[in-house]
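Colleague: pasting the sequence and the predicted model now:
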Amino acid sequence: MSERNVTSKFVYDFTEGNKDLKDLLGGKGANLAEMTNLGLPVPPGFTITTEACKVYLDSGAEPSELRDEVSAHLDALEQHMGKRLGQPDDPLLVSVRSGAKFSMPGMMDTVLNIGLSDESVAGLAAQAGDERFAWDSYRRLIQMFGKTVLGVDGELFEEALDEAKRAKGGAATSDLDLGAEDLRALVDDFKAIVAKQAGRDFPQDPREQMDLAVRAVFESWNTDRAKLYRRQERIPGDLGTAVNVCSMVFGNLGPDSGTGVAFTRDPASGHQGVYGDYLQNAQGEDVVAGIRNTVPLADLEGLDAASYNQLMQIMETLETHYKDLCDIEFTIERGKLWMLQTRVGKRTAAAAFRIATQLVDQGLIDEAEALQRVNGAQLAQLMFPRFSEDARSERIGWGIAASPGAAVGKAVFDSYTAVKWSRSGEKVILIRRETNPDDLDGMIASEGILTSRGGKTSHAAVVARGMGKTCVCGAEELEVDTKRRRMTAPGGIVVEEGDLVSIDGSTGKVYLGEVPVVPSPVVEYFEGRMHAGADDADELVAAVHRIMAYADRVRRLRVRANADNAEDANRARRFGAQGIGLCRTEHMFLGERRELVERLILADTDTERDEALGALLPLQKADFIELFESMDGLPVTVRLLDPPLHEFLPDITELSVRVALAESRRDANENDLRLLQAVHKLHEQNPMLGLRGVRLGLVIPGLFAMQVRAIAEAAAHRKNAKGDPRPEIMIPLVGTVQELEIVRDEAETVIAEVQAATGTDLKLTLGTMIELPRAALTAGQIAEAAEFFSFGTNDLTQTVWGFSRDDVEASFFTAYLEKGIFGVSPFETIDRDGVGALVRSACEAGRATRPGLKLGVCGEHGGDPESVHFFHEVGLDYVSCSPFRIPVARLEAGRAAALNKAGSDSR
Ligand code: PEP
Ligand code: MG
């Protein structure tokens, strides 16, 4: 990174950074700097850059300059604060917190209260006038340090803490019941645990504490759970984390202290208001961990009106400054408010759409920016069905609607079972009292997550929202017993492991059994059954309508549908398709028509073959008439037959058995015998690389001619009926221009015949798929004979990688994903560097030959958000995808076009 080369600077004071330096300072560090510069009350501190982390991760050692730089910044901090780190009579204490470019909640390490030691604990007690507080802070340091820096099993500390509470007579349920003496004894216990487990004493030198904690944060970048989270969220593995060293402020100094989290708007609905949780007399992590129950943020007004009012003002400042929903962590130390963190907050899909339009209305952002505040994955999520409102399932609980969606699955009570069951195809709901980062695998494997404790900002809620998973949390009336693998609801209803439950992440309701689902209002809107302009229009639908309008206004890419029947074509048109980009004609050869194809394959003579083709012709023609009518006035790309013919014949094993059995009964069927012969003849070891696509057209006389005739006659029919048919004939699996030329000549003859016979001028265009590497490499030549290219990125990915598209995803892709060879299947998102490079060069070569060459894509990637951006960049004219993905493609095409005007990334 240039900053490092220019300045060789590994440490930045909070006063030196700003919000745009996330790459270098991480999200937390950049935003702490931004808040500092806004004049907000941020405890002073400094940030060690991601560059330092990268050096450490690459070489196993901190950069040599780091120690001196840290010393200089620490000196400055000590001067500013008027006390030294760990100073015995009045210690400066610091927190050491991780903070990567993208937030990874709970994934990496944090150590608080660095600087406390056997000596300075007394100084802290004297300064705070509170023995209990000092010992509590010290035991927290040893606990966090022991666990995260020295690798001691955290359970051992928890057990010792529980034991101390039990020793108080069992009545103690909260750590607040432990007094100074109890905590002092606990510190001894904790130190003994460290000495035994880590084989060394807890370090008494404050600087050593700090240096070791910084190193531990660097190392936490590469824990298994952090890696898993990054893969899920598609965060690159080489970014590294920054480390924030921040002077401590305390929320656990008595009832006039506390800590909380807040949102400037409701992250579930987008509505403005006071949203958040507050925990009196508690320190930092207690809120997020959901360990003790919080009060709503609004209650702070009654507890400390001055801090509350100041917080409200700061929240307004932040929203106006960031022009977006912000989430905030704050601490009040004896009536003084401190801001510990802010960032552009995660939100539900529905809230993202609403907030984007609300901010446009407030004049804070423009339409182009609004498009960057939502994405196709969120829109896809909004198109999921919801639970039916009049379903009569038994409601057994009602928690907090933490992350929307309707999830049904079998109850499981631990991550291990969630993963195991889901691998065997079961849908599961993970039920826990609360979750922690160790539950991540289970959360990924589940349809939804249900917890009995914790609020909207608990680990379960934050992580589920990030993943787009349904989550209900804090359903307190449900008693979760993970040891016995069961949950008890009011009235004694018991849900055992394996029982079906349904959870509604939009309302927070929990049901026993399977609740039926209904379509989402967003789909109803796209279907035209719900109107965005109606008086009682759903707020979300209205927001989606507006955002889609912005996208449609700016996008350059057109969006077509992959559809081969009138029903799909009609839906596609309602969803905004601007034509059909791929009609796979093989789908028209199935069902009862399969027999006609069999006859074609078995034909021994020209007459037999012509008869079979003659029988197929009117059927094909009728199909096309219907399709051209649905898409009247819009282009319809009809692809000639592509799959190997054996796909239309019976399975070789089944047929062999049938023939063998019949022969043993001496009543073998003549047709079956011929079929078996044909199946053997057509059998291929690698059918995907065999007789398919254009090759069929070249070796089966009359096949493509029949299809072209059906298209031309259907077009003539529509013309005569005053329609406006716009067919485009597409040849699959071309590898060389010669193949295309032969088929083209034949097609032109047929078209001329039909035009003459019907007296119409059809203006049919003829083009090809580019789905083989050779086609892409010789695209300049192929463009001589093609009026359009449509990239078949399914086959192109298959052939460029040498991956069988039918096998690899199920066989070894999981291993590839786990090893990080790629973050996402190349069949899902276009591989920019390999397949994408071929697409790009083929576009350039094709257009060099034929400047007006129309370019599109009809592989699965046409509906994939990231891929749509790529296709925009390389200059395609359109993407084509399945009808349900059309809105997503429209939105992403708009986002891609607007990206140059605006830019943000709220991962
Ligand atoms: C492709 O290969 O990308 C394509 C659209 O064709 P099919 O999936 O039918 O092979
Ligand atoms: Mg293909």
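Modeller: Received, thanks. Residues are numbered from 1 along each chain as shown. Ligands and ions are numbered 1, 2, ... in the order given.

Colleague: and the lowest mean pLDDT element among the helices and strands of this structure?
Modeller: helix 2-7 (a mean of 45; mean pLDDT, DSSP states H and E).

Colleague: who touches the next helix or strand along the chain from that one?
Modeller: Using DSSP states H and E, the helix or strand that follows helix 2-7 towards the C-terminus is strand 11-13. Under the contact criterion Cβ atoms under 8 Å, 6 or more residues apart in numbering, strand 11-13 has outside partners 21, 24-25, 29, 33, 45-49, 52, 66, 69-70, 72-73, 76. Every C-beta, even on glycine, is put in place using the N, C-alpha and C of the backbone.

Colleague: which strand or helix spans the residue of the chain positioned farthest from its centre?
Modeller: Farthest-out residue of the chain from its mean C-alpha position, per Cα atoms, centre = their mean: residue 666, at 60.3 Å. Assigned by DSSP H and E, residue 666 belongs to neither a helix nor a strand.

Colleague: which residues touch it?
Modeller: No residues are in contact with residue 666 under the rule Cβ under 8 Å, 6+ apart.

Colleague: tally of neighbours for residue 866?
Modeller: For residue 866, the count of nearby residues is 18 (other Cβ atoms under 10 Å).

Colleague: gap between it and residue 370?
Modeller: When distance is defined by Cβ to Cβ, to the nearest Å, residue 866 is 20 Å away from residue 370.

Colleague: report the buried residues of the longest helix along the chain.
Modeller: With residue count as the measure and DSSP state H as the assignment, the chain has helix 606-630 as its longest helix. For helix 606-630, burial by neighbour count (16 or more other Cβ atoms under 10 Å) applies to 609, 612-613, 616-617, 620-621, 623-630.

Colleague: what mean pLDDT does that helix have?
Modeller: Across helix 606-630, the average pLDDT comes to 95.

Colleague: again, but for stretch 546-561
Modeller: 98.

Colleague: show me how far that stretch is from its chain's centre.
Modeller: The chain centre lies 22 Å from the centre of stretch 546-561; the measure is Cα atoms, centre = their mean, to the nearest Å.

Colleague: dump it to PDB, restricted to CA.
Modeller: What follows is stretch 546-561 as a C-alpha-only set of coordinates in PDB (Å, rounded to 0.1, in the frame of the first residue of the first chain):
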ATOM      1  CA  ARG A 546     -38.800   3.500  -6.100                       C
ATOM      2  CA  ILE A 547     -35.500   1.900  -6.000                       C
ATOM      3  CA  MET A 548     -36.300  -0.300  -9.000                       C
ATOM      4  CA  ALA A 549     -37.300   2.800 -10.900                       C
ATOM      5  CA  TYR A 550     -34.000   4.400 -10.100                       C
ATOM      6  CA  ALA A 551     -32.200   1.300 -11.300                       C
ATOM      7  CA  ASP A 552     -34.200   1.100 -14.500                       C
ATOM      8  CA  ARG A 553     -33.500   4.800 -15.200                       C
ATOM      9  CA  VAL A 554     -29.700   4.500 -15.000                       C
ATOM     10  CA  ARG A 555     -28.900   1.000 -16.100                       C
ATOM     11  CA  ARG A 556     -27.300   0.400 -19.500                       C
ATOM     12  CA  LEU A 557     -27.600  -3.400 -19.500                       C
ATOM     13  CA  ARG A 558     -30.900  -4.700 -20.700                       C
ATOM     14  CA  VAL A 559     -32.400  -7.700 -18.800                       C
ATOM     15  CA  ARG A 560     -33.900 -10.700 -20.600                       C
ATOM     16  CA  ALA A 561     -35.300 -14.000 -19.400                       C
END
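
Colleague: apart from its chain neighbours, what residue comes closest to residue 320?
Modeller: Distances taken as Cβ to Cβ, 6 or more residues apart in numbering place residue 364 nearest to residue 320, at 7.1 Å, with adjacent residues excluded.

Colleague: oh sorry, the question was meant for residue 563
Modeller: Using Cβ to Cβ, 6+ apart, the nearest residue to residue 563 is residue 569, at 4.5 Å.

Colleague: that neighbour: neighbouring residues, count only.
Modeller: Residue 569: 25 neighbours (other Cβ under 10 Å).

Colleague: give me the contact list for stretch 674-683.
Modeller: 598, 601-602, 644-646, 649-650, 652, 655-656, 659, 691.

Colleague: and the helices in the stretch 301-450 of the chain?
Modeller: In the stretch 301-450 of the chain, the helices defined using DSSP state H, counting those that start in this stretch lie at 305-322, 349-361, 367-372, 376-382, 415-423, 440-445.

Colleague: so which of those gets nearest residue 698?
Modeller: helix 376-382 (39.5 Å; Cβ to Cβ).

Colleague: tell me the contacts of the residue in the stretch 501-650 of the chain that ligand 2 sits nearest to?
Modeller: Of all residues in the stretch 501-650 of the chain, the one sitting closest to ligand 2 is residue 642 (6.2 Å; Cβ to the ion). By Cβ under 8 Å, 6+ apart, residue 642 lies in contact with 584, 585, 586, 692, 693, 696, 732, 733.

Colleague: can you classify the closest residue to the fifth one other than its chain neighbours as helix, strand or coil?
Modeller: In space, residue 693 comes closest to residue 733 once its chain neighbours are excluded; the distance is 2.4 Å by Cβ to Cβ, 6+ apart. Three-state assignment for residue 733 (DSSP: H, G, I helix; E, B strand; the rest coil): coil.

Colleague: could you measure from residue 733 over to residue 698?
Modeller: From residue 733 over to residue 698 (counting by Cβ to Cβ), the distance is 11 Å.

Colleague: among those two, which residue is more densely surrounded?
Modeller: residue 733 (24 against 16).
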